[in-house]
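Asks: Have a look; sequence and predicted model below, questions after that.
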Protein chains: 2
Amino acid sequence: MTALIGIDWGTTSFRAWRMGPAGEVLDSVGDGPGILAAAQLPGGFRQAVEDSIGPWLGTAPVIASGMITSRNGWVETPYLPLPLDAAALARSLTLHEGIHFVTGAVSDPLGPAPDVMRGEETEIIGHLADGGGDGLFVLPGTHSKWAHAKGGRLVAFRTVMTGEVFGALRDYTILGRLIQPGAGSADAFRRGVEAGRQDGALLGRIFSARTLALMDRLAPDQIADYLSGLLIGDEVAHGARDARGPVTIIGRGDLAARYRTAFDIGGIRADIAPPGMARRGLWEIARRGGLA
Amino acid sequence: MTALIGIDWGTTSFRAWRMGPAGEVLDSVGDGPGILAAAQLPGGFRQAVEDSIGPWLGTAPVIASGMITSRNGWVETPYLPLPLDAAALARSLTLHEGIHFVTGAVSDPLGPAPDVMRGEETEIIGHLADGGGDGLFVLPGTHSKWAHAKGGRLVAFRTVMTGEVFGALRDYTILGRLIQPGAGSADAFRRGVEAGRQDGALLGRIFSARTLALMDRLAPDQIADYLSGLLIGDEVAHGARDARGPVTIIGRGDLAARYRTAFDIGGIRADIAPPGMARRGLWEIARRGGLA
């Protein structure tokens, strides 16, 4: 019996789960169209849902989180202020075309550096509901999120554009000119992290990705890993200053492992959260909202 | 009577001067082809010189500095180690096709972050020869250079990729999506400098260029100036930590003025050097080398 259908719908990704009465996964889809692709379909977002999980529909309530509630998504919803918990998100669900949409969060909306997220709040809620404690969280990605939870609530967060800036530097600046693809170099990544942890202007330190290569001290197929390490090393060194205990990495695969390496080099304990935090958060919010 | 012909030849610029017996300017050219354009001419670099200053040739020695001695230039010359002065540069001139080429400088070649320059060393020598004292210099540009002079010699420098990264962020990341061209906003630039001076990861602080715009607290035609201020503010805040007195800005026009504004906001005195430092440096090096 299906109790809930959950969708984590991002700019370039669509994942969905059919869940049973205890929130267990009965079925899942991992490769639906992200928002950019879905918007191009003749039937738009509705078609994307029908194509991806059509046979599930009508069997249980549907809940969705992520950038799908942004200006370029299906329905734009207002950001919720901090502090934030599952109950607050449940009270603010937006019902649109039969789907309950979880809205995003805003940090410091009137301050000098306001910040926003859509989707990561659900992953953090999932972690907290899963028995994970308060503390500092990092969700690596195109736009990494660093978040604090206290008393079971999301109390602060900050976006760091590490992934997107890495791509722009590699593809559109002189740092990329000498890069050749390779098998990946853990050693070059670690050297980059060390350079990223140093003081001084970041836009100065990145130049070493070129000069070391010019001087044959960094092979062409190591430059990209070095630069990745340098940016992540800078991000982690700044972010971990606020850590009062182990940091939780909410992410998957190689990228999560890279962040853990950067924490290790800085002497900070970091644990990678078990997978499934988005689904777990959707379940918790739905449960609080009486949907499941 | 012509005593010396000097060329400041960069990647995208070519400036030349015909100088008299006291180094005074008799004639000048400001719009010759930079290295990238010159390399495309049928007659290459030789043609670029003939086209730009052909009538001057044969009347006096020719001296040239800048990226023209890099791997993509006319003749690649080895970098000189620090500390460096006009006499050392004069001893290392490379005569190639009738032109005396000034070579560049390398900082910390065996250390973790080696650095290089070609052309800026000549401008700094010009400033020192012109009666400017020791201290901290900044040469703003695509790749800004921060340099220290002591005892009349260039003793340290560092490259900061502010200009190039600004372009990559504006043109190839989400920060540029909302930008609209405008008349330029000094206020937005100053707000950016303030944000750039704050602590925290730079790749986090730049995200405010998007969130402030999303929240209608930064107009679309102010975003670029805000982002420019943020990057320059970060650069100047880091660079000025080493200042022991007034900083000298070697640069021109709007960009030099922006840097001075950023120093002002930080409470650091900065003076813009008089124009002509490249020519003045070429004269000094030629004089030390017995060419003029």
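Replies: Okay, I see it.

Asks: what ranges do the strands span in the stretch 1-150 of chain A?
Replies: Per DSSP state E, counting those that start in this stretch, the stretch 1-150 of chain A carries strands over the ranges A:4-9, A:14-19, A:25-32, A:62-65, A:80-81, A:94-96, A:99-101, A:105-107, A:115-117, A:135-139, A:144-150.

Asks: can you put those in TSV and add mean pLDDT and distance to chain B?
Replies: Where you see a C-beta, it was placed from the backbone N, CA and C, and this is true even at glycine. Formatted as TSV, those follow (pLDDT from 0 to 100; distance: least, C-beta to the nearest C-beta, whole Å):
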stretch	mean pLDDT	distance to chain B
strand A:4-9	98	18
strand A:14-19	98	20
strand A:25-32	97	23
strand A:62-65	98	19
strand A:80-81	97	13
strand A:94-96	98	19
strand A:99-101	98	19
strand A:105-107	97	8
strand A:115-117	97	6
strand A:135-139	96	11
strand A:144-150	96	8
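
Asks: doesn't A:E164 make contact with A:H143?
Replies: Yes. Between A:H143 and A:E164 there is a contact under C-beta atoms under 8 Å: 6.4 Å.

Asks: Looking at these two, which is more packed in?
Replies: A:H143 (23 against 20; other C-beta atoms under 10 Å in any protein chain shown).

Asks: State the three-state secondary structure for the closest residue in space to that one that isn't next to it in sequence.
Replies: Of all residues not flanking A:H143 in the chain, A:T159 sits nearest, at 5.1 Å (C-beta to C-beta, 6 or more residues apart in numbering or on different chains). When classified by DSSP: H, G, I helix; E, B strand; the rest coil, A:T159 comes out as strand.

Asks: any idea which helix or strand comes after the helix ranked longest in chain A?
Replies: In chain A, with assignment by DSSP state H, the single longest helix is helix A:223-239. Heading C-terminal from helix A:223-239, the first helix or strand you meet, by DSSP states H and E, is strand A:247-249.

Asks: Same question for that next one: list its buried residues.
Replies: Neighbour counts over strand A:247-249 (16 or more other C-beta atoms under 10 Å in any protein chain shown) mark A:247-249 as buried.

Asks: would JSON lines of those residues with pLDDT be doable?
Replies: Formatted as JSON lines, the buried residues of strand A:247-249 follow (pLDDT from 0 to 100):
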{"residue": "A:V247", "pLDDT": "96"}
{"residue": "A:T248", "pLDDT": "96"}
{"residue": "A:I249", "pLDDT": "97"}
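
Asks: out of those residues, which touch chain B?
Replies: Among those, proximity to chain B is found for none (C-beta under 8 Å from any C-beta of the partner chain).

Asks: Of the residues you listed, just say which sits nearest to B:P83.
Replies: A:V247 (43.7 Å; C-beta to C-beta).

Asks: Show me what the most centrally placed residue in chain A bridges to in the sheet.
Replies: Centroid-nearest residue in chain A, with C-alpha atoms, centre = their mean: A:L139, separated by 4.5 Å. Beta-bridge partners recorded for A:L139 (DSSP bridges): A:K145.

Asks: ok so, going back, want to throw the strands of the stretch 1-150 of chain A into a markdown table with distance to B:D187?
Replies: Shown next, in a markdown table, are the strands of the stretch 1-150 of chain A (distance: least, C-beta to C-beta, whole Å):
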| stretch | distance to B:D187 |
| --- | --- |
| strand A:4-9 | 39 |
| strand A:14-19 | 42 |
| strand A:25-32 | 45 |
| strand A:62-65 | 38 |
| strand A:80-81 | 28 |
| strand A:94-96 | 37 |
| strand A:99-101 | 37 |
| strand A:105-107 | 24 |
| strand A:115-117 | 22 |
| strand A:135-139 | 34 |
| strand A:144-150 | 30 |
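
Asks: between these, which gets nearest to A:E50?
Replies: Closest to A:E50 of the strands of the stretch 1-150 of chain A is strand A:25-32 (C-beta to C-beta; 10.6 Å).

Asks: how much space between A:I268 and chain B?
Replies: Distance, A:I268 to chain B, by C-beta to the nearest C-beta, to the nearest Å: 15 Å.

Asks: Now that residue: closest residue in space, sequence neighbours ignored.
Replies: A:A240 (4.8 Å).

Asks: next one: A:G98
Replies: A:G98 sits nearest to A:V62 (C-beta to C-beta, 6+ apart), 6.6 Å away.

Asks: ditto for A:S13
Replies: Nearest to A:S13 is A:G34, by C-beta to C-beta, 6+ apart, at 5.0 Å.

Asks: what about stretch A:218-230, average pLDDT?
Replies: Averaging pLDDT along stretch A:218-230 gives 97.

Asks: So it, near chain B or not?
Replies: No. On the criterion C-beta under 8 Å from any C-beta, stretch A:218-230 is out of touch with chain B, staying 10.2 Å away.

Asks: residues in contact with that stretch?
Replies: Residues from elsewhere that reach stretch A:218-230 (C-beta atoms under 8 Å, 6 or more residues apart in numbering or on different chains): A:166, A:169-170, A:175-176, A:178-196, A:205-206, A:208-209, A:212-213, A:258, A:262.

Asks: which parts of it are buried?
Replies: A:218, A:222-230.

Asks: Endpoint to endpoint, stretch A:237-250 covers what distance?
Replies: This stretch, stretch A:237-250, spans 18 Å end to end (C-alpha to C-alpha, to the nearest Å).

Asks: chain center to it, what's the gap?
Replies: Offset of stretch A:237-250 from its chain centre (C-alpha atoms, centre = their mean, to the nearest Å): 16 Å.

Asks: What segments of the stretch 151-292 of chain A are helices?
Replies: Listed in chain order, the helices of the stretch 151-292 of chain A (DSSP state H, counting those that start in this stretch) span A:162-172, A:186-196, A:202-205, A:208-214, A:223-239, A:253-265, A:277-288.

Asks: any idea how far the last one is from the chain center?
Replies: Distance of helix A:277-288 from its chain centroid, counting by C-alpha atoms, centre = their mean, is 16 Å.

Asks: and it, what does it pack onto?
Replies: Other elements packing on helix A:277-288 under the criterion 3 or more C-beta pairs under 8 Å, 6 or more residues apart in numbering or on different chains; DSSP states H and E are strand A:4-9, strand A:14-19, strand A:62-65, helix A:86-91, helix A:120-129.

Asks: Next, the angle from the last one to helix A:277-288.
Replies: Regarding helix A:120-129 and helix A:277-288, their directions subtend 80 degrees when assessed with axes from the mean of the first three to the mean of the last three C-alpha atoms, to 10 degrees.

Asks: helices and strands around helix A:120-129, which ones?
Replies: Secondary-structure packing of helix A:120-129 (3+ C-beta pairs under 8 Å, 6+ apart): helix A:86-91, strand A:135-139, strand A:144-150, strand A:153-160, helix A:277-288.

Asks: Need the residues that contact the last one.
Replies: Meaning helix A:277-288. Under the contact criterion C-beta under 8 Å, 6+ apart, helix A:277-288 has outside partners A:4, A:6-8, A:15, A:17, A:19, A:23, A:25, A:61, A:63-65, A:86-87, A:89-90, A:93, A:100, A:102, A:119, A:121-127, A:129-130, A:250, A:292.

Asks: Repeat that for the first one.
Replies: Residues from elsewhere that reach helix A:86-91 (C-beta under 8 Å, 6+ apart): A:80, A:102-103, A:121-122, A:125, A:128-129, A:281, A:284-290.

Asks: ok so, going back, report pLDDT for the residue nearest to A:I268.
Replies: 90.

Asks: A:G132 now?
Replies: Reported pLDDT for A:G132: 84.

Asks: what's the answer for A:D108, then?
Replies: pLDDT for A:D108: 93.

Asks: Around chain B, pick out the residues from the stretch 151-292 of chain A.
Replies: The stretch 151-292 of chain A comes close to chain B at residues A:158-162, A:164-165, A:167-169, A:171-175, A:194-195, A:198-208, A:211-212, A:214-215, A:217, A:231, A:234-235, A:238-239, as judged by C-beta under 8 Å from any C-beta.
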